[in-house]
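Enquirer: can't give you the sequence, but here's the structure:
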């Protein structure tokens with residue numbers, strides 16, 4: 001009789017634990033999806049502002065073309081097609097987004113770039129908007145990668161894998177891109193990027 005009670009208690013405790021674990025995994029995956037959606041919105045906004053800046057007439061033709069091409073390629077992979085990944089794969093999107101960052105870094109790294117825009121109508125507003133969009137990508141990517149790390153850690157215990165508590169959800173991957181407009185060895189006012197309008 002006592003053995004039966006112990007078995008029932010152990011089974012009940014195991015059921016509660018499994019239920020709690022499954023619920024936690026479900027919440028983590030929901031948070032992950034929300035963070036990914038926020039990252040996608042931030043990436044779209046950055047490429048949109050970069051395209052607007054490239055077509056604003058504030059840049060020389062070669063610089064405009066460089067920036068517009070990088071922003072267009074990033075936008076194409078955000079939509080799930082186009083160069084450079086051709087298949088819209090995560091690695092293709094990561095490459096395109098990193099290329100956009102490098103193009104922005106090249107534009108803003110030109111000697112005397114900010115001085116050349118002083119007093120130009122609309123330049124200050126566009127630079128401020130672009131700075132905000134780039135900073136938002138930095139934050140959204142950080143929050144998304146934090147959610148990926150938490151989800152992967154929650155899926156690691158053997159019992160979770162044995163009972164397939166994550167269901168058919170794929171193991172999430174980190175989103176790794178260059179998102180800093182500060183080149184290696186350069187001084188910036190922030191860890192992620194310089195203040196373009198400062």
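Expert: Nice, I can see it. Just so we're clear, the structure is a prediction, and the values are computed from it rather than from any experiment.
Enquirer: starting at the chain centroid, how far to stretch 167-178?
Expert: 11 Å (CA atoms, centre = their mean, to the nearest Å).
Enquirer: quick one: the helices in this protein?
Expert: 2-54, 61-78, 90-108, 113-117, 123-154, 158-162 (DSSP state H).
Enquirer: for residue 182, find the nearest of the ones you listed.
Expert: Minimum separation from residue 182 across those (CB to CB) falls at helix 90-108, 7.8 Å. All C-beta atoms are positioned from the backbone trio N, CA, C, and that covers glycine.
Enquirer: I'd like the average pLDDT over that closest one.
Expert: Per-region confidence: helix 90-108 scores 90 on mean pLDDT.
Enquirer: helices or strands next to that helix in the packing?
Expert: helix 2-54, helix 61-78, helix 123-154 (3 or more CB pairs under 8 Å, 6 or more residues apart in numbering; DSSP states H and E).
Enquirer: switch to 6 Å and redo it
Expert: helix 61-78 (3 or more CB pairs under 6 Å, 6 or more residues apart in numbering; DSSP states H and E).
Enquirer: list the buried residues for the helix it packs on?
Expert: 63-64, 66-68, 70-78 (16 or more other CB atoms under 10 Å).
Enquirer: which stretch in the helices of the chain has the least confidence?
Expert: helix 158-162 (a mean of 77).
Enquirer: thinking again about what came up before, for the buried residues of helix 61-78, give me TSV that also has distance to residue 149.
Expert: TSV is the format used below for these (distance: CB to CB, whole Å):
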residue	distance to residue 149
63	37
64	39
66	34
67	33
68	35
70	29
71	29
72	32
73	28
74	25
75	28
76	29
77	24
78	23
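Enquirer: just to revisit the earlier point, do you know which of the helices of the chain lies nearest residue 174?
Expert: Per CB to CB, nearest to residue 174 of these: helix 123-154, 5.1 Å.
Enquirer: what number of residues lie near residue 22?
Expert: Residues lying near residue 22 (other CB atoms under 10 Å) number 16.
Enquirer: which one of the buried residues of helix 61-78 sits closest to residue 22?
Expert: Distances from residue 22 to the buried residues of helix 61-78, taken by CB to CB, are shortest for residue 78, at 32.5 Å.
Enquirer: check contacts around that closest one.
Expert: 43, 44 (CB atoms under 6 Å, 6 or more residues apart in numbering).
Enquirer: distance check, it against residue 43.
Expert: 6 Å (CB to CB, to the nearest Å).
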